[in-house]
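Asks: this one's structure only:
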């Protein structure tokens, strides 16, 4: 029975179930199918730190939200149009994320009395009328899956586990997406288990067929591909893009990549990914702890490789002393901090931007470190190359501040041609660089390039350049141990000047102010780009002017930052922290910036930002 | 020459005639007069020419403490790092560059207290590093607190009525950490120290050399029984691979296995010759070398073995890492960036 096909411009779907229900996989498959179909999209995986909390409980709920449309999509969306709730816990934890009147697909098989009362419902929500404000689709997902798989020689439990494929099949039908990409994915995943593969394929097809025949859905929907610049596209998450960016930096600089890392959420995927690419000469060293991870990376940098360490906030705290050593040794090093909720263990799987000041100041002594922050999942690729450029050119550790949202979130990416990527020039010292008064030619490890103030990168193995360096203060030029007061003052100021001078090599801050007459500037950094721009766009659509600038370089700031800030009557700084960029901006530029701050472990919702911006505009 | 040092097979050789002087840097040595470190420095500088490798391919890495100033005085590449982390930094260096001979200089506080974790993991991985652990059983640079090798009850600035810390036996720790090469020597015995350096340099993988080193300011005389001509032969067991373990000024004592299987000291006159243990540093079973580390009385130093306790073959971590890279490249070919970033699922927008 063919149904009416209705065209939509945008849909937000949220899948929610037990951690063991395969919601992330379901979401990923729907995402890659949708990306390949040509829609623009953003995703938000939202899962607990526990691997498998007890089944059917609120702590065990894992969710995945996807926003896709026929136009540019900036965020994973505020409230969903469709919520798939695989059990009462998923319903209870996620119902507030579904907009009123939205479609609610519930797996009725899991709504028995015990399961319902386990999460604190006094009566069954799918029968007691409490969901009347939603368009509820009661579907026996588990039993229909088991029934569809009765022909297979698998256990009931194995059959039940395929229910996520039934749900996926239904959703693919509902939004007119093909099932072939998922069939191909399943063939790869279960190729060695033919029974399980056949069962999953069948469950997927059964879900699709159910959509065609059920009366629960009156319509099928279609969302046309979005207009995007011509090119070859793929879907990519932030951690994957960041891994590729590091490999690209290695290729573009011609020096091998060395990752020293200790597993930590949400950064571990970078370690996993880089360990797969040994054919690029990538060495991955899983260290005994965070300190050894950065220690080995720094040892590799000293050896002439591109040393990288990957971690999250708690790991940065442990690495602080070694970062200070890298500052003092003036060697290239990349510290990737995929930020998560803090302090301490905090919220391991949730996002936050609260490590900015740790990256900026979290060391003893005057120890300036450049900071680069990507603004979206795919932008992690370019940001990694930029971090490597700064590290190599200026012989300095560099922070790359990603976060849990863009690390795990995904979006379509127009894949660049490697020929268009910037080259990173590496110059190792190869001979004497200084003439003594008596005419002797010598090598001075701390004689600087007058332009960049970088010292020579003198790697072991070059005759005549034998030298000793360390964390003790060094005499300018010779690098010998020096406790001289004037020399220390000079060296501290020179290291700072070297970092400040990086501003000369970075692009000026660009302001997006289509009308050119905005009085309010919204300035953000890192992963808030999507939500902030979406909110500004919404405000403009309501006829209110607002300007948006987004910082990629947090240390040093682009040279024109002060001029930009001073052009506006009011400056609003939304951050997923309690005002860290705000503190820096106020201190450096004496601008009375207003903060909009949230630390909820989640990206900003567009509507909240719209309200905040309008409040500030109204106060001008 | 370097043919004797299989662990240096990838390090460029030199035909230049080197001497100890070539390994002295232009920096003024700043240890206290009378410090045992001077003797170790001279012994190491005197030994380096034996390696037969280019001086620029030798790197000394250290942590923090008196001993860790060592790299400044060697005319090689040198890196004076942070407290306890030298094995981690040296691991990155050695796994990046097989053409380097990498040496770590550390102390009992640096290696066994703040850096204990890195030491044990370097040992189990068997990275091609030679670790010289200067053990003076005291914190020197911070002016005299007890260290993890100070004896129980030690009176120091931070333990005015005696330390409550039971000490480590560094070699027992190393063997427990799966070390493939473990040796001990004494700062003042240059010939012995150099013989141990020689064996360590030949070993592929991590070599740990504990050097009993006198701190004449804060712990003077800690190893005196092993240095004094009157007592040293009586307290010291000089291990030689393949030789019966017999010691004492009169060669009247030996090491045997008692009825419980423990290694113990006995009078030669009271045992059968066949009972006397023949030292085998290549025994894979670590309990033998561990047993040797437990014979001595740490406080009196009576019956202290020196020499190479353990020297077994196991592929080094850096070699395994290199081989993995080579195998993957041989199988898949060198990486292609364009192909990598495209992945398998793409679509075209026109």
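Replies: Received, thanks. Bear in mind the structure is a predicted one, so any value in this text is a computation, not a measurement.
Asks: all contacts plus neighbour counts: C-alpha atoms, from now on.
Replies: OK.
Asks: Who are the contact partners of residue B:73?
Replies: Under the criterion of Cα atoms under 8 Å, 6 or more residues apart in numbering or on different chains, the contact partners of residue B:73 comprise B:24-29.
Asks: now stretch B:263-274: mean pLDDT?
Replies: Within the predicted structure, the mean pLDDT of stretch B:263-274 is 97.
Asks: List the buried residues in it.
Replies: Buried residues in stretch B:263-274, defined by neighbour count with 16 or more other Cα atoms under 10 Å in any protein chain shown: B:263-266, B:268.
Asks: Give me the buried entries from the contacts of residue B:73.
Replies: The neighbour-count test (16+ other Cα under 10 Å) applied to the contacts of residue B:73 identifies B:24-25 as buried.
Asks: show me which of the contacts of residue B:73 neighbour chain A.
Replies: Cross-checking the contacts of residue B:73 against chain A (Cα under 8 Å from any Cα of the partner chain) gives no overlapping residues.
Asks: Show me which residues of the stretch 51-200 of chain B are close to chain A?
Replies: Counting by Cα under 8 Å from any Cα, the residues of the stretch 51-200 of chain B lying close to chain A are B:55-59, B:71-72, B:75-82, B:85-86, B:88-93, B:95-97, B:99-100, B:117-118, B:121.
Asks: Take those and keep only those in strands.
Replies: If you go by DSSP state E, these have B:58-59, B:77-80 in strands.
Asks: which residue does chain B bring closest to chain A?
Replies: Distances from chain B to chain A, computed as Cα to the nearest Cα, single out residue B:92 as the nearest residue at 3.7 Å.
Asks: number of nearby residues for residue 93?
Replies: The chain I'm using is chain A. Other residues near residue A:93 come to 19 when the count uses other Cα atoms under 10 Å in any protein chain shown.
Asks: The chain in question should be chain B.
Replies: Neighbours of residue B:93 under the rule other Cα under 10 Å: 30.
Asks: Also residue B:278?
Replies: As a burial measure, the neighbour count of residue B:278 was computed by other Cα under 10 Å and equals 17.
Asks: That one against residue B:254, yeah?
Replies: No: counting by Cα atoms under 8 Å, residue B:278 stays clear of residue B:254, with 10.0 Å between them.
Asks: shared neighbours of the two, anything?
Replies: Common contacts of residue B:278 and residue B:254, defined by Cα under 8 Å, 6+ apart, comprise B:244-245.
Asks: Got phi/psi on residue 84?
Replies: With no chain named, the answer covers chain A. According to degrees, to the nearest 10, the main-chain angles of residue A:84 amount to phi -100, psi 110.
Asks: what separates it from chain B, distance-wise?
Replies: For residue A:84, the distance to chain B under the criterion Cα to the nearest Cα, to the nearest Å works out to 26 Å.
Asks: Show me what that residue is bridged to.
Replies: Residue A:84 forms beta bridges with residue A:15, residue A:105, as assigned by DSSP bridges.
Asks: Need the pLDDT of it.
Replies: Turning to residue A:84, the model gives it a pLDDT of 97.
Asks: residues touching residue A:477, list them.
Replies: Applying Cα under 8 Å, 6+ apart, one finds that residue A:477 lies in contact with A:444-448.
Asks: Low-confidence regions, the chain specifically.
Replies: Because you didn't say which chain, this covers chain A. Across chain A, the ranges flagged by pLDDT under 70 are A:1-2.
Asks: sorry, should have said chain B
Replies: Low-confidence regions of chain B, defined by pLDDT under 70, span residues B:1-3.
Asks: Going by neighbour count, list what's buried in the lengthiest helix in chain A.
Replies: As far as residue count goes, and with DSSP state H defining each element, the longest helix of chain A is helix A:194-213. Taking 16+ other Cα under 10 Å as the neighbour-count basis, helix A:194-213 is seen to contain the buried residues A:196-208, A:210-212.
Asks: Can you lay out the buried residues of stretch B:263-274 as CSV showing distance to chain A and secondary structure?
Replies: Compiled in CSV, those are given as follows (distance: Cα to the nearest Cα, whole Å; DSSP: H, G, I helix; E, B strand; the rest coil):
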residue, distance to chain A, secondary structure
B:263, 34, strand
B:264, 36, strand
B:265, 38, strand
B:266, 42, strand
B:268, 46, helix
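Asks: now for the residues you listed, which pair is the farthest apart?
Replies: Comparing all pairs in the buried residues of stretch B:263-274 by Cα to Cα, the longest separation belongs to B:263 and B:268, at 14.3 Å.
Asks: just to revisit the earlier point, most surrounded residue in the contacts of residue A:477?
Replies: Neighbours were tallied for each of the contacts of residue A:477 (criterion: other Cα under 10 Å), and the maximum of 26 neighbours falls on residue A:445.
Asks: tell me what the helix or strand just after the longest helix of chain A is packed against?
Replies: Moving toward the C-terminus from helix A:194-213, the first helix or strand encountered (DSSP states H and E) is strand A:219-223. Strand A:219-223 sits against strand A:4-8, helix A:163-174, with contacts defined as 3 or more Cα pairs under 8 Å, 6 or more residues apart in numbering or on different chains; DSSP states H and E.
Asks: end-to-end on stretch A:404-412?
Replies: Chord length of stretch A:404-412, first to last residue, is 18 Å (Cα to Cα, to the nearest Å).
Asks: wait, I meant stretch B:283-301
Replies: Using Cα to Cα, one end of stretch B:283-301 lies 25 Å from the other.
Asks: Name the residues of it that come out as buried.
Replies: So, applying 16+ other Cα under 10 Å, buried residues of stretch B:283-301: B:286, B:288-296, B:298, B:301.
Asks: what do you get for stretch B:153-161?
Replies: Applying a neighbour-count criterion of 16+ other Cα under 10 Å, the buried positions in stretch B:153-161 are B:154-156.
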